[in-house]
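Chemist: I need the structure of the sequence given here:
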Amino acid sequence: MAKRKRKKRQHYPAHPAHPYNWGQSLTVAALWLLACLPYRAGLRLGSALGGAAYYFARERRGIVQRNLELCFPEKSATEREQLARDNFRASGCAVVETALGWFGGAQVTRIPVTVRGERHLRAAFEQNKRLILMSGHFMCLELIGRLLPERIAINAMYKPMRKKPVLNRAMLMARQRNLTGATSKDETRALLRSIRDGVPIWYAGDQDYGRKHSVFAPFFGVPAATITALSRMARMGRAAVVPMFFFREPDGGYLIEFQPALDGFSSGDEFEDAKRMNEIVEDAVRRYPEQYLWMHRRFKRREDRKASLYR
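Modeler: You can find the predicted model right below:
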């Protein structure tokens, strides 16, 4: 039987001056300029730009509207439409928050932040010393890396942007500067080594990463392809799992919240673990639904490969 050839990974030019990267280089320059603004003024500008984008980003608007329709059937069409508009404004703010997280100067240290439940993190660490911080894709994520207390050691797990090397480099350098480290999701041994060395992994598995190593667990009552990496890493690293969430509050400050370590995770049943993770993320989303990354096609893959929930 003929041996199947492995598909070669395409390489992309990395130099910022290469024509392929001009758009990315301009984006990084724009983020640097946004980081120079006073943060409240930047958030107002971001909110205005996000509100305007609602009218022009037709495809993304459709994805947001469909996700909200699937996840909040109890809301009226008017309520969901308002939530979609709020989500676009929050997305505009997220661009400014990313700029501040990557390039913000001393003003970032003056941004008001409240940390709740740090005792849960300390208790879990004292008991186990091997931790995974389970989170979700809330849009102020990049700024939170700057706002975390310095005494909390965290290694961020990330998905490399191979097609966007300039943006990937900017993101990676910022996360390595703001946190204890950053490790690609593909480097399983390095992730486990970090856990065993007592540096918790910051993990968010609430996106569709494909069928491989995924189960279809409910998210807002809709089966969603959910990667089982959290269950496997917790089992292999003998790690406790501590939920960690973060939100922008109405007064312009930020909330970072640690919850008690999950009892009995991993259970040995990857579906039940994935379902439990989705339920915890869902509870957090319901608190600040406009700040969640609804532009991602969370329900893209179906158990029936021919089915589709998106128009």
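Chemist: Please, where are all the strands along the stretch 51-200 of the chain?
Modeler: For the stretch 51-200 of the chain, the strands defined by DSSP state E, counting those that start in this stretch cover 113-116, 131-135, 155-158, 181-184.
Chemist: Those: which one's closest to Phe258?
Modeler: Closest approach to Phe258 among the strands of the stretch 51-200 of the chain (C-beta to C-beta): strand 113-116, 7.1 Å. In short, each C-beta sits where N, CA and C put it, glycine included.
Chemist: tally of neighbours for the residue lying closest to Ile195 once chain neighbours are set aside?
Modeler: Taking C-beta to C-beta, 6 or more residues apart in numbering, and ignoring the residues beside it in sequence, Ile195 has Gly237 as its nearest neighbour in space, at 3.9 Å. Taking other C-beta atoms under 10 Å as the criterion, the count of residues near Gly237 is 19.
Chemist: List the contacts of Gly237.
Modeler: Under the criterion of C-beta atoms under 8 Å, 6 or more residues apart in numbering, the contact partners of Gly237 comprise Arg130, Ile132, Leu191, Leu192, Ile195, Arg196.
Chemist: Model confidence score at it, please.
Modeler: In this model, Gly237 is scored at 92, pLDDT.
Chemist: and what of Arg211?
Modeler: As predicted, Arg211 sits at a pLDDT of 84.
Chemist: Could you do the one 3 residues further on as well?
Modeler: You'll see Ser214 listed with a pLDDT of 92.
Chemist: Give the phi and psi angles for the closest residue in space to it that isn't next to it in sequence, as a check.
Modeler: The spatially closest residue to Ser214, leaving aside those adjacent along the chain, is Ala225, at 4.5 Å (C-beta to C-beta, 6+ apart). Note on Ala225: its backbone torsions stand at phi -60, psi 110 [degrees, to the nearest 10].
Chemist: mind listing the helices in the stretch 51-200 of the chain by residue range?
Modeler: In the stretch 51-200 of the chain, the segments counted as helices under DSSP state H, counting those that start in this stretch are 58-71, 77-103, 118-128, 141-147, 165-178, 188-196.
Chemist: a markdown table for those, including mean neighbour count and mean pLDDT?
Modeler: Rendered in a markdown table, the data for the helices of the stretch 51-200 of the chain read as follows (neighbours: other C-beta atoms under 10 Å; pLDDT from 0 to 100):
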| stretch | mean neighbour count | mean pLDDT |
| --- | --- | --- |
| helix 58-71 | 18 | 97 |
| helix 77-103 | 21 | 97 |
| helix 118-128 | 15 | 92 |
| helix 141-147 | 22 | 93 |
| helix 165-178 | 19 | 93 |
| helix 188-196 | 17 | 93 |
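Chemist: Of all the ones you listed, which one is nearest Val285?
Modeler: helix 58-71 (8.1 Å).
Chemist: So which other helices or strands are in contact with that closest one?
Modeler: Packing contacts for helix 58-71, counted by 3 or more C-beta pairs under 8 Å, 6 or more residues apart in numbering; DSSP states H and E, involve helix 77-103.
Chemist: The helix it packs on versus helix 58-71: what angle between them?
Modeler: Relative orientation of helix 77-103 versus helix 58-71 (axes from the mean of the first three to the mean of the last three C-alpha atoms, to 10 degrees): 120 degrees.
Chemist: re earlier: gap between the residue nearest to Ile195 and His120?
Modeler: Computed with C-beta to C-beta, to the nearest Å, the distance linking Gly237 and His120 is 19 Å.
Chemist: now swap in Asp186 and tell me
Modeler: Separation of Asp186 from His120 (C-beta to C-beta): 30 Å.
Chemist: Same question for Pro289.
Modeler: Distance of Pro289 to His120, given as C-beta to C-beta: 24 Å.
Chemist: Contacts only, for the residue nearest to Ser214.
Modeler: With contact set as C-beta under 8 Å, 6+ apart, Ala225 has these partners: Asp208, Tyr209, Gly210, Arg211, Ser214, Val215, Phe216, Lys300, Arg301.
Chemist: Okay, and the beta partners of the residue nearest to the second one when sequence neighbours are not counted?
Modeler: Looking back up the chat, that one is Tyr209. Closest residue to Tyr209 in three dimensions, ignoring its sequence neighbours and counting by C-beta to C-beta, 6+ apart: Ile227, at 4.8 Å. Counting by DSSP bridges, Ile227 forms beta bridges with Ser214.
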